[in-house]
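In: Only the shape, not the letters, is given here:
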């Protein structure tokens, strides 16, 4: 498994502002993954963050809206930019285990509410 | 389009009895399946997984069954305990030729185990 610390745990933000979510892992990992869970919906992959390269975004997610940093092998940030109420979700950081990262372990999540 | 479906949003079971949570999927490329448990204000916790080359995997009180022809899997909890009360997510991945770390999740089933 992995110990994944994520902060803030929750925040209430105003429309048009940005929030940066931090994720710290207790061991070095090549890939970190950011997921989102909108109310009543399933978890959806936003992007994969590799150390030393640009993040890879899934369809429907763009770098301008969700910029990601990955400065080292244990840390990553996700920024939710120019927020609107539709961005109200739980944002989750995760790391993989297994030869294909087939088993994911998640942080405790960030509950974001946008007014 | 939801590729992993959990058609029962909730399940209520008496302590000591068996809990059976069901999951259906549509993508025949999925070759690895996982169950996660989630408590409020926490991230999903990995519970048990199964590869498509197996039809059953057991870990203590938890057993996952996979029926590939029906594209169906189920999680059995025996005996159920009040501490098992949580939201259970089914997830799947297509590890051959797919984005590493991309899991497709169902919307979850709220399990309540009552004394």
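Out: Thanks, I have the structure now. Small disclaimer: the values here were computed from a predicted structure and weren't measured. Numbering: from 1, shown residues only, chains lettered A, B, ... in the order given.

In: which residues sit in contact with the residue lying closest to residue B:42 once chain neighbours are set aside?
Out: Distance criterion Cβ to Cβ, 6 or more residues apart in numbering or on different chains; nearest residue to residue B:42, sequence neighbours excluded, is residue A:108 at 5.3 Å. All C-beta atoms are positioned from the backbone trio N, CA, C, and that covers glycine. By Cβ atoms under 8 Å, 6 or more residues apart in numbering or on different chains, the contact set of residue A:108 is A:4, A:5, A:6, A:9, B:41, B:42, B:43.

In: okay, those in a markdown table with distance to residue A:65, neighbour count and pLDDT next?
Out: A markdown table is the format used below for the contacts of residue A:108 (distance: Cβ to Cβ, whole Å; neighbours: other Cβ atoms under 10 Å in any protein chain shown; pLDDT from 0 to 100):
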| residue | distance to residue A:65 | neighbour count | pLDDT |
| --- | --- | --- | --- |
| A:4 | 23 | 22 | 93 |
| A:5 | 24 | 13 | 94 |
| A:6 | 20 | 22 | 96 |
| A:9 | 22 | 13 | 95 |
| B:41 | 26 | 11 | 84 |
| B:42 | 26 | 14 | 89 |
| B:43 | 22 | 22 | 91 |
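
In: related to what we said a few turns ago, what distance do you get for the residue nearest to residue B:42 to residue A:22?
Out: Relative to residue A:22, residue A:108 is positioned 12 Å away (Cβ to Cβ, to the nearest Å).

In: Repeat that for residue A:114.
Out: 19 Å.

In: ditto for residue A:55
Out: The value you get for residue A:55 to residue A:22, if Cβ to Cβ is used, is 15 Å.

In: Same check on residue B:92?
Out: Distance from residue B:92 to residue A:22, by Cβ to Cβ: 29 Å.

In: For these two, indicate the residue with more neighbours.
Out: A direct count of neighbours by other Cβ atoms under 10 Å in any protein chain shown for residue B:92 and residue A:22 places residue B:92 higher, at 24 against 16.

In: and the more buried one, what are its bridge partners?
Out: residue B:33, residue B:104 (DSSP bridges).

In: Surely it and residue B:104 touch.
Out: Yes. Residue B:92 is in contact with residue B:104 according to Cβ atoms under 8 Å; the separation is 5.1 Å.

In: picking up where we left off before, need the overlap of contacts for residue A:108 and residue A:22.
Out: Joint contacts of residue A:108 and residue A:22 (Cβ under 8 Å, 6+ apart) are residue A:6.

In: neighbours of residue B:64, just the number please.
Out: When neighbours are counted by other Cβ under 10 Å, residue B:64 comes out with 24.

In: Is it correct that it is in contact with residue B:75?
Out: Yes. Using Cβ under 8 Å, residue B:64 is in contact with residue B:75, at 5.4 Å.

In: what do these two both touch?
Out: Counting by Cβ under 8 Å, 6+ apart, the shared contacts of residue B:64 and residue B:75 are B:35, B:48.

In: Helix or strand: which one has residue B:36?
Out: Remark: residue B:36 resides in strand B:32-38, with elements defined by DSSP states H and E.

In: how about the helix or strand following that strand against chain A, any contact?
Out: Sequence-wise, the next helix or strand downstream of strand B:32-38 (DSSP H and E) is strand B:45-51. Yes. Contact of strand B:45-51 with chain A (Cβ under 8 Å from any Cβ of the partner chain) involves B:45, B:46, B:49.
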